[in-house]
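Participant: Sequence and predicted structure below; questions after.
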Amino acid sequence: MKAVRWFNRHIWFFPMCALLITALLLAFCIRPLLRQVDWPRGVYLPWLLRLIILGVLTCACIWGPRAISRWLRTWLVAREIQGESERESQTCDPEPLLLVCRELQAVWLMKPRPELRLEVQLVMADAAGRLGRIQEAEQELGCVLPHYEQYPLNIRIAVELCAATIRIWDHKFGDAHSFLMEAERHLKQLAASATLRDSQWAIWEDRKRFYRLMVEGGTEELLVDFQQGLEESADEPLISQVSSHMNVARCLLDLNRSEEARPHLEFVAANGNKLAIRAEAEARLAALTAT
């Protein structure tokens, strides 16, 4: 990962390599071919074909290394973000992920590859929201929303699901509902692989349950769904387990089953680390103790 970080902080490396490779290709491959393209003497077709082939090879020598360079830069950035996201899911500490995204953004993400910039903005918005810094999350999301409709459906859905979650955290339930409805409409239009479609539907259903919990309060129906989700999260990263315990606790508290909620709140308080829901769990535990 240290090598990945170095490449991502020194953006000149791959363009310089691409430029060097291009120069070598032009010098050792294209230059000898130029000697064979003489002015035609009566036979034009072979000369024209050689000229076309030479032009194609020259373009390949120029654009090929450049395209590979851009792909490598994008892949390395995505790999670093994925690594930090996996660490966050095990430690329940979004701050290092947020810091990494800010470093990447400062280095080169503001201009090239806007779709990658969008991914980084969403990660930053989600991380800030999990820390309880809702206004910061709203600001990062605001960098994405004005132009997100120009992207493919699967990217628009990701933006809408992230926006819905942040608006729920910010108690802007009307906006959250609008984003959920847009995401549902786009999911029905999505022509993607079954795995991707099922995954995004599962995320949408999870966000919809969370929306109902925060707007309508806990119900027996929601409690069953969240308890099932808690069982399924046993093999998932710690952050998923913490979130599942918190949602079960919220349901139980709304149903006036405080003692049943206590062990779930204790789990969140013990494992939530820097997540905002840890502070919420500790406050609710203190309220239970005071009564």
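Facilitator: Happy to help now that I have it. Quantities reported herein were computed from a predicted structural model and do not represent experimental measurements.

Participant: Number of residues surrounding the residue lying closest to Glu220 once chain neighbours are set aside?
Facilitator: Nearest residue to Glu220, sequence neighbours excluded (Cβ to Cβ, 6 or more residues apart in numbering): Leu255, at 7.2 Å. C-beta coordinates here come from the backbone N, C-alpha and C atoms, glycine included. For Leu255, the neighbour count with other Cβ atoms under 10 Å is 16.

Participant: so what secondary structure elements neighbour the helix or strand where Leu187 lies?
Facilitator: When elements are assigned from DSSP states H and E, Leu187 belongs to helix 173-189. Applying 3 or more Cβ pairs under 8 Å, 6 or more residues apart in numbering; DSSP states H and E, one finds that helix 173-189 makes contact with helix 153-169, helix 194-216.

Participant: Tell me where the stretch 51-200 of the chain is predicted with low confidence.
Facilitator: Low-confidence segments of the stretch 51-200 of the chain (pLDDT under 70): 51-58, 60-62, 108-116, 192-196.

Participant: about what we covered before: which ones are touching the residue nearest to Glu220?
Facilitator: Leu255 sits next to Gly218, Thr219, Glu220, Leu223 when contact means Cβ atoms under 8 Å, 6 or more residues apart in numbering.

Participant: go on, Gln150?
Facilitator: Contacts for Gln150 (Cβ under 8 Å, 6+ apart) come out as none.

Participant: if I look at it, how far off is Ala191?
Facilitator: To Ala191, Gln150 is 18 Å away according to Cβ to Cβ, to the nearest Å.

Participant: Check Asn154 too.
Facilitator: Noted for Asn154: a distance of 10 Å to Ala191, by Cβ to Cβ.

Participant: Equivalent analysis for Gly83, please.
Facilitator: 31 Å.

Participant: now do Asp198
Facilitator: Counting by Cβ to Cβ, the gap from Asp198 to Ala191 is 14 Å.

Participant: same check, this time on Phe267
Facilitator: According to Cβ to Cβ, Phe267 stands 41 Å off from Ala191.

Participant: Same drill for the two, tell me which one is more crowded.
Facilitator: Taking neighbours as other Cβ under 10 Å, Phe267 and Ala191 compare with Phe267 leading, 19 against 7.

Participant: ok, now which ones touch the more buried one?
Facilitator: Contacts of Phe267 (Cβ under 8 Å, 6+ apart): Gln241, Val242, His245.

Participant: got the contact list for the closest residue to Gly272 other than its chain neighbours?
Facilitator: In space, and not counting its chain neighbours, Gly272 is closest to Arg278: 2.8 Å by Cβ to Cβ, 6+ apart. By Cβ under 8 Å, 6+ apart, the residues touching Arg278 are Cys92, Val242, Val268, Ala269, Gly272.

Participant: Can you list which of those residues are found in helices?
Facilitator: Of the contacts of Arg278, the ones assigned to helices by DSSP state H are Val242, Val268, Ala269.

Participant: If you rank those by neighbours, which is first?
Facilitator: Using other Cβ under 10 Å as the neighbour criterion, Val268 leads the ones in helices among the contacts of Arg278 with 28 neighbours.

Participant: now that residue: how far from Ile277?
Facilitator: Per Cβ to Cβ, Val268 is found 6 Å from Ile277.

Participant: Can you point out the buried residues in the strand or helix carrying Glu231?
Facilitator: Secondary structure assigned from DSSP H and E places Glu231 in helix 220-232. Using 16 or more other Cβ atoms under 10 Å as the test for burial, helix 220-232 gives Leu222, Leu223, Asp225, Phe226, Gln227, Gly229, Leu230.

Participant: Can you name every helix or strand that that helix contacts?
Facilitator: Helices and strands touching helix 220-232, by 3+ Cβ pairs under 8 Å, 6+ apart, are helix 194-216, helix 238-254.
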